[in-house]
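Colleague: Give me a model of this one.
(one chain, ligands or ions: 2)
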Amino acid sequence: MESLKLESSKLKSIAILGSTGSIGTQALDVIRANKDAFAVEVLTGNGNADLLIKQAIEFNPNTVVIADESKYQYVKDALHKYDIKVFSSNKAIAEVVQMESIDMVLTAIVGYAGLESTISAIKAGKQIALANKETLVVAGDLVTTVAKEKGVNIYPVDSEHSAIFQCLAGEFQNPIEKIYLTASGGPFRGKKKDFLATVKKEQALKHPNWEMGAKITIDSASLMNKGLEVIEAKWLFGLKPEQIDVIVHPQSIIHSIVQFTDGSMKAQMGLPDMKLPIQYAMAYPQRIKSDFPRFNFLNYPELTFEQADTKTFRNLALAFEAMNKGGNAPCVLNAANEIAVQAFLKDKIGFLEMSDLIEKCLQQVAFISKPSYADYVETDKETRRIALLEIL
Ligand code: NAD
Ligand code: MG
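Modeller: Ligands and ions are numbered 1, 2, ... in the order given. Coordinates of the predicted model:
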């Protein structure tokens, strides 16, 4: 902690986009425990105005933004006694991330909604701690190209990608042969289609190893989360699709593995706790001493591995298909999935129908091989329109 402070000679100033969510609140836990290393410059939220206000009063940021404009006055009134600027709308989020005083932007908004602000932060040269994987799924080509142009590093927060990143430390001369992303398998591991046809959201929302926001929890149950992570890994580590494999590892102790060209494999392991990859991304290249619970081998006498069942969990196969196709196909996949998950959470479609919907959208939306930013925006909109028509 001390050394981090000395090296940077000032606190690292962080903007947390989506501070009221699962990743956002855990990032604030990390900052609360390391006030000599980090300062909060910006907080943003959407639905939970009360939590955003509470966080602002505790962390005293320069600015808060509430995306939901109907809650603007409420937040502004609650913070009027404090020296904190208050703005509203997603456009405002995309503007405040460019503030001079910000060193790093943690993107913890869920879904496509995080794309504009992430690109805006990269354009302003801000370092990125990336949790919002959908950003790279939708527009990985564009995002990584702009990051390269601006000399911006994208530090992964997703635990699997953090694991790969940690395994690559000191290996930058050595090419990757392949990577294995581990998957817990979610609450329905081993189940077949007849069972999945009957499952309700309450069952899908119970993840065996991780506490997360609702959208990613459903994605984990359907294996779409792993599919999104495969595409995320492609862009983060500059890999070809055939270099990325998925292995089901129900204990979630090995967070992912890199295999090098000499056949050596490096894995990163530990108890499942998102605070570790969040902290690693924020403090990179340093490791900050923590009191997170330590792993004990004797509590896990067996670590096991299985093949993912892509015939039953078709979302993972669809994600590989979209990645192989490239262009705007992953953007279609993502938008269709966002609509599918919302519909499943509202009991409008069944668990297996989520894959049907995504497949239909992949067939129906016009393919664009080299999309511009405007093409991604249009593809997202058109996919949502088609998906919503299918649900009615
Ligand atoms: P969450 O639902 O708990 O939180 C989402 C945050 O985004 C909230 O602060 C919410 O207010 C904000 N938000 C939602 N919709 C918005 C909109 N339209 N405009 C602006 N802000 C909006 O989600 P989470 O689980 O924290 O996940 C956040 C991101 O991190 C996702 O992309 C997810 O895939 C990724 N991620 C999460 C975990 C985890 O353990 N939770 C792990 C790896 C990656
Ligand atoms: Mg993950």
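
Colleague: Can you show me the strands along the stretch 101-250 of the chain?
Modeller: Secondary structure of the stretch 101-250 of the chain by DSSP state E, counting those that start in this stretch: the strands cover 104-107, 127-130, 154-156, 176-183, 244-248.

Colleague: possible to save these as a markdown table with distance to ligand 1?
Modeller: The way it works is simple: take the backbone N, C-alpha and C, and place the C-beta from them, glycine included. Below are the strands of the stretch 101-250 of the chain laid out as a markdown table (distance: least, C-beta to the nearest ligand atom, whole Å):
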| stretch | distance to ligand 1 |
| --- | --- |
| strand 104-107 | 8 |
| strand 127-130 | 9 |
| strand 154-156 | 9 |
| strand 176-183 | 12 |
| strand 244-248 | 16 |
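
Colleague: Checking my notes, V42 in a helix, right?
Modeller: No. According to DSSP: H, G, I helix; E, B strand; the rest coil, the state of V42 is strand, so it is not within a helix.

Colleague: Pull the number of nearby residues for the spatially closest residue to it that is not a sequence neighbour.
Modeller: Spatial nearest neighbour of V42, excluding adjacent residues (C-beta to C-beta, 6 or more residues apart in numbering): A15 at 3.6 Å. Residues near A15, counting by other C-beta atoms under 10 Å, number 30.

Colleague: Helix, strand, or coil at A15?
Modeller: strand.

Colleague: Could I get the contacting residues of Q98?
Modeller: 120-121, 123-124, 126 (C-beta atoms under 8 Å, 6 or more residues apart in numbering).

Colleague: So which of those residues sit within helices?
Modeller: 120-121, 123 (DSSP state H).

Colleague: By neighbours, which of the residues you listed wins?
Modeller: A121 (27 neighbours).

Colleague: How many residues are close by the nearest residue to Y373 once chain neighbours are set aside?
Modeller: Distance criterion C-beta to C-beta, 6+ apart; nearest residue to Y373, sequence neighbours excluded, is L142 at 6.2 Å. Using other C-beta under 10 Å, L142 is surrounded by 20 other residues.

Colleague: Test my guess that L142 contacts Y376.
Modeller: Yes. With contact defined as C-beta atoms under 8 Å, L142 and Y376 form a contacting pair (7.2 Å).

Colleague: three-state assignment of G47?
Modeller: G47 is classified as coil under three-state DSSP.

Colleague: correct me, but it touches I66?
Modeller: No. Counting by C-beta under 8 Å, G47 stays clear of I66, with 9.2 Å between them.

Colleague: what about these two, which has more around it?
Modeller: I66 (28 against 13).

Colleague: Is the residue nearest to that one when sequence neighbours are not counted within a helix or a strand, and which one?
Modeller: Nearest residue to I66, sequence neighbours excluded (C-beta to C-beta, 6+ apart): V75, at 4.8 Å. For V75, the enclosing helix or strand under DSSP states H and E is helix 72-78.

Colleague: How about A39?
Modeller: Here A39 is assigned to strand 38-45, by DSSP H and E.

Colleague: okay, the angle between the helix or strand following that strand and strand 38-45?
Modeller: Counting by DSSP H and E, the next helix or strand C-terminal to strand 38-45 is helix 49-59. If you take axes from the mean of the first three to the mean of the last three C-alpha atoms, to 10 degrees, helix 49-59 sits at 160 degrees to strand 38-45.

Colleague: And helix 49-59, what does it pack against?
Modeller: Secondary structure elements in contact with helix 49-59, counted by 3 or more C-beta pairs under 8 Å, 6 or more residues apart in numbering; DSSP states H and E, are helix 22-32, strand 38-45, strand 63-66, helix 72-78.

Colleague: Are that helix and ligand 1 in contact anywhere?
Modeller: No. Applying C-beta under 6 Å from any ligand atom, one finds helix 49-59 separated from ligand 1 by no less than 7.8 Å.

Colleague: pLDDT on that helix, on average?
Modeller: Helix 49-59 shows a mean pLDDT of 98.

Colleague: With stretch 81-98 instead?
Modeller: 98.

Colleague: who touches the residue in the stretch 201-350 of the chain positioned nearest to ligand 2 in this structure?
Modeller: With C-beta to the ion as the measure, E229 is the residue of the stretch 201-350 of the chain nearest to ligand 2, at 5.5 Å. Residues in contact with E229, defined by C-beta under 8 Å, 6+ apart, are 133, 158, 160-161, 181.

Colleague: mind running it again at 7 Å?
Modeller: E229 makes contacts with 133, 158, 160, 181, as judged by C-beta atoms under 7 Å, 6 or more residues apart in numbering.

Colleague: Counting neighbours, which of these end up buried?
Modeller: 133, 158, 160, 181 (16 or more other C-beta atoms under 10 Å).

Colleague: nearest residue to the last one other than its sequence neighbours?
Modeller: Think L181. E160 (4.7 Å).

Colleague: my guess is that neighbour contacts S256, does it?
Modeller: Yes. Using C-beta atoms under 7 Å, E160 is in contact with S256, at 4.2 Å.

Colleague: joint contacts of those two?
Modeller: Counting by C-beta under 7 Å, 6+ apart, the residues touching both E160 and S256 are 181-182.

Colleague: Roughly how far does K311 sit from G350?
Modeller: 18 Å (C-beta to C-beta, to the nearest Å).

Colleague: if I look at the residue of the stretch 51-200 of the chain found nearest ligand 2, how far off is E134?
Modeller: For the stretch 51-200 of the chain, the residue closest to ligand 2 is D158, as judged by C-beta to the ion, at 4.2 Å. When distance is defined by C-beta to C-beta, D158 is 11 Å away from E134.

Colleague: Cool, thanks, signing off.
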